[in-house]
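A.B. asks: Give me a 3D structure for the following:
(one chain, ligands or ions: 1)
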Amino acid sequence: MIALGCDHGGYALMQEVKEHLAEIGEEFKDYGTFDKSPVDYPIFAKQVCRAILEGKADKGILICGTGIGISITANRSKGIRCALCHDVYSAKATRLHNDANVLAMGGRVVGPGLANMIVDTFLNTAFSGDERHRRRIDMIED
Ligand code: RB5
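C.D. replies: Sure, this is the predicted structure:
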């Protein structure tokens, strides 16, 4: 289950991502926002983080205008490792190395084609499990 959250700056791209997730048969729950009216991104970031920490979702996708505010917010939640990715290499590396559980993107930064490739890479790449990466993640969480 993927938890989704966005603000007005990410709303349009999130509609594209949702359509893509439905096409590839990925289960998701949308925590809003549900239209283009201006809203405060921390509300949606926190709802998605809560869903993951409560075990209601395995991963999250957050989108605001830049991806910055919403990722900063998400990373304040202990146990959340949110990666702001605007390229496929970073999406793959953050799963392999950081075991990131939330992907953030900027709806005003990337188009839907690249965003959906980033989503696919993020969802389909497993954590490497390497000791050195586990050790570093433990140090983050400590
Ligand atoms: C909203 O205009 C914008 O500030 C927000 O979407 C995000 O980019 C903040 O980091």
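A.B. asks: Near the ligand, which residues of the chain are found?
C.D. replies: When proximity is defined by CB under 6 Å from any ligand atom, the chain lies next to the ligand at 7, 9, 41, 64-66, 68-69. Any C-beta I mention is one placed from the backbone N, CA and C, and that applies to glycine too.
A.B. asks: Tell me which of those residues fall in helices.
C.D. replies: 41, 68-69 (DSSP state H).
A.B. asks: Which one of the residues of the chain next to the ligand is nearest to Leu103?
C.D. replies: Using CB to CB, Cys64 comes nearest to Leu103 of those, at 12.6 Å.
A.B. asks: could the ones in helices among the residues of the chain next to the ligand go into JSON lines alongside pLDDT?
C.D. replies: Formatted as JSON lines, those follow (pLDDT from 0 to 100):
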{"residue": "Tyr41", "pLDDT": "98"}
{"residue": "Ile68", "pLDDT": "99"}
{"residue": "Gly69", "pLDDT": "98"}
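A.B. asks: PyMOL command to pick out the buried ones of the residues of the chain next to the ligand?
C.D. replies: The command below creates a PyMOL selection of those among the residues of the chain next to the ligand that count as buried (16 or more other CB atoms under 10 Å):
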select buried, resi 7+9+41+64+65+66+69
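A.B. asks: Just give me the closest of the residues of the chain next to the ligand to Glu54.
C.D. replies: Comparing those against Glu54 with CB to CB places Tyr41 closest, at 20.3 Å.
A.B. asks: what's the closest non-adjacent residue to the closest one?
C.D. replies: Excluding the flanking residues, the one nearest Tyr41 by CB to CB, 6 or more residues apart in numbering is Asp7, at 3.9 Å.
A.B. asks: And for Lys18, the neighbour number?
C.D. replies: Counted with other CB atoms under 10 Å, the neighbours of Lys18 add up to 17.
A.B. asks: my bad, should have said Ile80
C.D. replies: By the criterion of other CB under 10 Å, Ile80 has 21 neighbours.
A.B. asks: so it sits right up against Ala74, yeah?
C.D. replies: Yes - using CB atoms under 8 Å, Ile80 is in contact with Ala74, at 5.2 Å.
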